Each structure stands twice: as structure tokens, then as C-alpha cells.
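Chemist: The following comprises the amino acid sequence and a computationally predicted model.
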Protein chains: 2
Amino acid sequence: MGEVETRLREQARQIFAAALQAVDPKEAVRRYLHRQGDDLVVEGKRYHLPEYAGVYVVGAGKAGAAMGVAVEEIVGEWLCGGIVTVKYGHTDRVQKITLVEAGHPVPDEAGVSGARQMVELLQARGERDLVICLISGGGSALLPAPVPQITLSEKQEVTRLLLRCGANINEINAVRKHISQVKGGQLARLAAPATLLTLILSDVIGDPLDVIASGPTVPDQSTFQDCFRIFEKYQILDEVPPSIRAYLQQGVEGKIPETPKAGDPVFAKTQNVIIGSNILAVKAAAAQAEILGLRPLILSTFVEGETREIARMHAAMAKEVLHSGHPIPPPACLISGGETTVTIRGDGLGGRNQEFVLAAALDIAGWPNVVILSGGTDGTDGPTDAAGAIADGETVRRAEHLGLDPLHFLQRNDSYHFFSPLGDLLITGPTNTNVMDVRLVLIGKESTPPP
Amino acid sequence: MGEVETRLREQARQIFAAALQAVDPKEAVRRYLHRQGDDLVVEGKRYHLPEYAGVYVVGAGKAGAAMGVAVEEIVGEWLCGGIVTVKYGHTDRVQKITLVEAGHPVPDEAGVSGARQMVELLQARGERDLVICLISGGGSALLPAPVPQITLSEKQEVTRLLLRCGANINEINAVRKHISQVKGGQLARLAAPATLLTLILSDVIGDPLDVIASGPTVPDQSTFQDCFRIFEKYQILDEVPPSIRAYLQQGVEGKIPETPKAGDPVFAKTQNVIIGSNILAVKAAAAQAEILGLRPLILSTFVEGETREIARMHAAMAKEVLHSGHPIPPPACLISGGETTVTIRGDGLGGRNQEFVLAAALDIAGWPNVVILSGGTDGTDGPTDAAGAIADGETVRRAEHLGLDPLHFLQRNDSYHFFSPLGDLLITGPTNTNVMDVRLVLIGKESTPPP
């Protein structure tokens, strides 16, 4: 490995670490939730704690426990208790809040039971209570609360059906919200007439409040009627479980209340605040790059699409930086966020971040002075113990020297087994946060392309 | 269409026109080939015309005729004649140069005949002659000169074989160069001991001289031995036509001279000059954007990969510009070049540029103040009469209003029939040049994303 590459790799790791630190759930809560005497202050809004009969915490998501610890710290003696559902093993030292561990990404009965307790806690709240709701990545699956007429497995069946026919996330959410007790603003309705403050760690591109964890405390735009339109569009009406069809039909007929819409009085005392998101991580990466003497350029936090092709676009930009100093002269650090997808072609082990780096490594093979890193902010890329990987222009040659054919590993989606023998996995351990991915392209001093 | 979008569309068309103008073959020749009295001056190098017994032009490519006209203009009375092969219909008003029209992208006998005449012209040249060689896109197919032991159809068969097994362009070229009389520096050998000046309009990413038109006047890096290694790598040795195997075997045994390598004396009097390339078009686009009050940002001229996914990355950057002013604050114009590929999935009509715009239109649907244009600099996108297409955030809605389902057209690779009824095709007519594609993403005044 060249001297420049060795330095760039070290810098890439430091920049990624800075990005992670910026979206640490406790740090994120502390940055937005301030205690001033007996007041809680959030983005200029004041909650005078002695006014409330009780302060309670609810919520769901992978970062729920860590967020809970920070809230307990800040609200202190005023906190009465609460219940937060987290993924199995994602616990922390909460004192007054009850943690429920449940299944993710596939919801389970533990999640249903947690949601039931949460609904009871919310229904018991009165006008003089304050409810703090903590939402983070995974919140939707961790808070399964189908209406009593529908079982969890029926709900899962309709989700599978929608996924299979290619419905988009808005369409899937429209249906899920209308067979749930909490999604689509209905948690706010349960909490009313209490005051409701929701702190959100966003794991969705563009931070749309009604999409993150299916927007439990946010006005919903979809309707019962929409659900049938979606079933008809994809011609799956006949396959939808009868209990779901019957329930939604009652909704269309007005026998069941719609999800609350914008302007609904249930939101009169609701504040929704995004306390952490991909752009925060990306901006922290840019700041760290600058500290290290690299010119940062934030490309986008809206990145979606097929991982290996998105990687090619990043590699193309690295080459142009080296070739002509566009879009920014070296030394530079191109940064992107968001979340790509992987179309599974083989039976290998990997994740979108590792696959990104593998595909990019193929394109920059032979180019000096460039290092590429991609990592998931949750520290877990796909079903592996790595957050991502790191590569440079020598990676392909080093791999071939070890008898590893990079293209073969890419074709089999086996990026983990490619980077593991190279020692190029990025290992952070679970971070208990999730604001999607951070990708870094570091370009060292100016250079000419390979001969 | 909104007022901002209407203005941005007009600006996008102006910017694309400026890019085309910068790579007009005649303009390109005039920019590099200067006449000072009886001297021809090219990048500081002087050719004193009265010194030469004769000045001749050879060459091949879609821009050959236009380049020839400009050379005739500049060299004037000193020019003795020449022969240039162009694609059928790509002619221009040359006076002393003979134009041969031939098949492209599939070579034909007219091309073989043209190459034969060119070889004869070159072999007749002596130490005191000057040969000006004009290379542009399509030059490889338009100059088919298999060695006498191999037929054109055998040569085509081995190319098909290599393409089918997934060989890369360097591997395919290694074989093609070693069964050709002119490729891989061999045109320079034929021209020697004459002085040789090659003017190149590059249609290859990164402008590698040994790849453009298979590098007829440039040192070759590959060997006869490499050809067998490639056949063995893809396990196709048995399928290679026996005449080709026999010829290459003679090469391995040293009975046929290798293609000339770097340092070979045949290149002692050779100057290769790139007079036009994708970066020139992209830089002209940037300059025009600036004139129109938009901040230009050149992303890369090295863009490769699956068109619809590369489009998503461009759309993601447009969104970030609107959302946070990164990578550059609006009003802005993101510019990229290079050449993407399309994996054919359907039986529709379109080209990579039209497909790029269709895919991007889906991602920016509903976003205000953004316009996307993609066009091929040759004016012909795929097998259509359009150079590309143009779209904005309203395009999807307008299409749906006409009963056109954008996703359906994308799935069928039918972008031409999507944009045609919308009036959003980009029509320039054939430009007689080719420096790959130019993509533009224009973002108007700041705005917030759609609700």
C-alpha cells in the first residue's frame, strides 16, 4: 500500500468515526432537549415541567434505549415512567423506563405485547400529562399494533403481498397505517388530550415525518379508499386476507374513523422534532474532512438505486478529481449518504456498503491516491459483523495476489469474504443508532491517471 | 409547466448547443492546426511544408469528412490528396481528399476496400512525405483491415465470441490489433519513414490513445501471447476460427512482427494530438451555464454504468441542491459526460440518453425547479432520430395525464415513445461528431421539496 493511501485510509476512518459520533442517540437527544431550571426547552418551545401531572416516555426503535437514557438524565426527577420497545439486545441502563425487547425486521408477539402496554399507558393519559415519544430506525416493525379484528400474521401477509407486486413504500404504508392502532398519526390520537413531544432519529431518505416509523405522531395523507385503489392497481384484491378487506371496507363506509389528517385537533399539542438524520452525519464527516486538510464536497443524502452502479458513479467522480480537479480539486473528500439497494444475484455474504466498496474498487483499480469507504451508521452491514469496507486503487491487485477474483465475489454478492482476508472490513460494532449510510471518496494530492 | 421550468428548459438547450459547438469537428481542427506562413503549427510543433515532397491525408471515423474539409482549408495548396473512410451519408465538401463511405457499426466490404486503398497510399510514402491522419468515433469499424490470411467474417466472428464471453474492451482490442494491418500502431509502421501527424476526436472515456479507434498510430501494449491467454481465460480457444489461431501462433513463434511498442523507431516522427473530447464539451457547457447565471459543477467525464441507476444518482444530487444547497447552491447546473450502457429488457425504442432522462424524471417527479437533459453529441441516441430528451418535475404528471405510465415505458426500454408525445425529445440532427454524451441537471432558485 502506498504512503498516500495509508494516510488516506486512516483519515477515512477518522471521518467516518466523526459521522457516527454526530448521530449518537444520546448526543442527539442532548443537542435538542435542554433543561433550563424547571423548563424543558426544545427548539424554542418551552415545557414547564411543574405544570404537568406526569411526564411519560413511549417509543420504539433500535436507538430507543440510548435515547431513553438521555431523556431520563435530562428530565430527571420529573419523569414518572414509560415503555420503549427495542430490538433484541439493543438495551441500555434506563432506570424508570421499561424496555421491551422484540423482533426486527420481522415483528413478533413480544412486539405486539409491548405495543399493547404502550397503548394502555397512552389511553390512561389526561390533559395535564406530557408524553415524550422516541422514534428511531426499526420503529415500525418494533411497534406492531394491528387493530383487534386483524392478526399479526394477516398483517404480515398483506405486507408481503404488497412487496411482491412492487408497491412502493408510500403504498405499503397507506395500507399498514389503516390496519394499525398507532401508525399514521394514531399514536397522537391515543395520547390526546395529553401534550406530546416526539423526538425522531430519521432513517428515511429526505426525512419525511409521515414515513419514518410510519409516522405515529404525524398527520396522515392516505385514506381507506386509497387502500382499495392500491389493491386494484396491483390486482391483488382477491389475495388480501378477508379480515383485512372487511375492516378496510368498514373504514370506507365511515364506520371506523380515518387516520388523523393535517389540522386534526389531536395534533394541537404535538411537537415533532428530528434530532438526528443522515445529513447530520454527512455534515459532521465534511467538517472532519476539513479539519484533516481535505476539501469536502457533499454530493447528496438522497442516494438510492442499485449499489454497484451507484458505486461506479462515485468512482467516476474520483477519477475526474484526479484527472482535472473537477468537481473539486484534490486533496478532496466526496461524501454521500442515503441508502442504496442490492439486487441479490448470488448466495454470498455481504451488505450494501461492502458491495459498494467492492464495485468501486474494480473501477479505481490501478489509480493512485484514492481511497473509498462506505459504512452503515448502525454498524451492521447486511447480516455481517462489519459496518462496511475500505479500498484503494491497489485493492484489486492485492486481492488477485491472494487468489481472489474481485468480479467473481461481486457477482456472488460475497463482498464480506472478499474484504475479510484483505483485512479491509470496517468494524465498529453495533452503534445503537441508524441514519442510513455514509460513503467517503478520499482523493490525495494531484496525480495523473495510470499509464 | 412552471415559469421556472420553462426558463430552465430553454437554458438547458442553450447549454447543450454550446457543448456541441465546442466539439464541432471543423472547429476542433481549426483550434489545434494553425497555419503560420508556410508552417503548420500544432501544439508548438512546427511542420515546414516546403520541406515535404508531399502532404497526404488518411483516416477514418464519423467526423472524417468534416475534419478533412478543415484540413484542406488550412493546408491548402500543399495538400496532395488522401483517403478518408466515413460512415454512409456522413460526407462533406472535400476537394482533394477521396471519401469512402462504409458500414458502421458493422464493418463491410466497402470498408475493407477503403482500408486497402489507404494501406497502398501509406506504403507509397517516403521519408520526405507528411501524412496527416484523422481519427474519430467509429474509426475502428470503418477501417477493417484484417491481415490477408484472415477474412472479415472470421475477424467478426472472433469479436462476437469475445463480446459474448464478457471480455473487456482491452482484451477485445488486444486480439483485434493482432489480426489487423493497421490497428495497434501498425498504421504508423505503414506510414514510416514519412512524418505522421494524427488528429484525434476522442469517443472513449479517459481518452486512452491506444484504445481510440484501436490506436492505429500509437504504441501497443498487448502481445500475440496475450491473445492466447485471453482465449484460455474465457475458454474459447476451440471456438476461435482456425485461420486466426494459426496466424496468432505464427506471431507467438516470432514469424510475424509484433505490433510496435513504446520506443519503436516507427514512432520517431509521430505526433498524436487529441483535438476534441468529452471534457471539452463538458467544459463548454460549464462556461455557457455560467454565462446564463447558473453555477456550474462538472461531476465527471468518466461516467459509465447502467443508465437508469446513474440517472438516480444525478436525481439524488438535484434533490440535495434543492434541499440543502449541496454540492452547490442553486441556481446551479450539474454537468456530466462519458457514456453509460443500457441492459436491454424490453422491445421498445430509445437510447441511453432518453432512458437516462426517463429514469431521472421518475425520481424528480413532484420536485419543482429542476430540469434534466441528456444528449449524445453525435445527435443520434440509439436507433432514433433524437439526440436525447429533456424533463422536469412535472413530466411524470403530464405523461400520466396523457395515459402514459412512465415505469412501463422504462421497463420496456421505450423512452422514445414516452418523450415523443410529450414533445420532450431533443432533436439536433446528426452532428458529424462524437465525443460521447453530455448530461445536464439544472436547478433553479432555492425551493423546498414537495410536501
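Modeler: Structure's in. What do you need?
Chemist: May I have the secondary structure class of the nearest residue to A:Pro146 once chain neighbours are set aside?
Modeler: Once flanking residues are discounted, A:Pro146 sits nearest to A:Lys155: 4.6 Å by CB to CB, 6 or more residues apart in numbering or on different chains. (Each C-beta comes from the backbone N, C-alpha and C, glycine too.) Classification of A:Lys155 by DSSP: H, G, I helix; E, B strand; the rest coil places it in helix.
Chemist: and chain A, which residues reach chain B?
Modeler: Within chain A, the positions near chain B by CB under 8 Å from any CB of the partner chain are A:206, A:279, A:297-306, A:309-310, A:312-313, A:315-317, A:319-320, A:323-324, A:326-327, A:336, A:338, A:363, A:449.
Chemist: Keep only those of those that are in strands.
Modeler: A:Leu297, A:Ile298, A:Leu299, A:Ser300, A:Thr301, A:Phe302, A:Val303, A:Ser336, A:Gly338 (DSSP state E).
Chemist: Double-check the third one against A:Ile335; I have them as touching.
Modeler: Yes. A:Leu299 is within contact range of A:Ile335, at 6.5 Å (criterion: CB atoms under 8 Å).
Chemist: Overlap of the contact sets of the two?
Modeler: Common neighbours of A:Leu299 and A:Ile335 are not found (criterion: CB atoms under 8 Å, 6 or more residues apart in numbering or on different chains).
Chemist: Okay, now the unreliable bits of the stretch 351-451 of chain A?
Modeler: When residues are selected by pLDDT under 70, those of the stretch 351-451 of chain A lie in A:446-451.
Chemist: Then chain A?
Modeler: Along chain A, segments meeting pLDDT under 70 span A:446-451.
Chemist: Can you tell me the closest non-neighbouring residue to the residue positioned nearest the centre of chain A?
Modeler: Geometric centre of chain A, nearest residue: A:Asp203, 2.2 Å, by CA atoms, centre = their mean. Closest residue to A:Asp203 apart from its sequence neighbours, by CB to CB, 6+ apart: A:Gly137 at 3.3 Å.
Chemist: Run through the residues that contact A:Leu163.
Modeler: By CB under 8 Å, 6+ apart, A:Leu163 lies in contact with A:Ile172.
Chemist: Please, which helix or strand holds it?
Modeler: Element membership for A:Leu163 (DSSP states H and E) is helix A:152-164.
Chemist: List the buried residues in that helix.
Modeler: A:Leu152, A:Glu154, A:Lys155, A:Gln156, A:Val158, A:Thr159, A:Leu161, A:Leu162 (16 or more other CB atoms under 10 Å in any protein chain shown).
Chemist: now, which of the residues you listed sits nearest B:Val396?
Modeler: Nearest to B:Val396 among those, counting by CB to CB, is A:Leu162 at 21.2 Å.
Chemist: can you pull the contacts of the closest one?
Modeler: Under the criterion of CB under 8 Å, 6+ apart, the neighbours of A:Leu162 are A:Glu171, A:Ile172, A:Val175, A:Ile230, A:Tyr234, A:Ile236.
Chemist: What of A:Lys445?
Modeler: Counting by CB under 8 Å, 6+ apart, A:Lys445 has contacts A:Val4, A:Pro330, A:Pro331, A:Asn369.
Chemist: how close does the closest residue to A:Pro107 other than its chain neighbours sit to chain B?
Modeler: Nearest non-adjacent residue to A:Pro107, counting by CB to CB, 6+ apart: A:Pro144, 3.8 Å away. Distance, A:Pro144 to chain B, by CB to the nearest CB, to the nearest Å: 28 Å.
Chemist: which residues touch A:Pro144?
Modeler: Residues in contact with A:Pro144, defined by CB under 8 Å, 6+ apart, are A:Pro107, A:Asp108, A:Gly111, A:Val112, A:Ala115, A:Leu152, A:Lys155.
Chemist: Which one (most neighbours) among those residues?
Modeler: Counting neighbours by other CB atoms under 10 Å in any protein chain shown, the top entry in the contacts of A:Pro144 is A:Ala115, with 27 neighbours.
Chemist: Am I right that that one falls within a helix?
Modeler: Yes. Counting by three-state DSSP, A:Ala115 is part of a helix.
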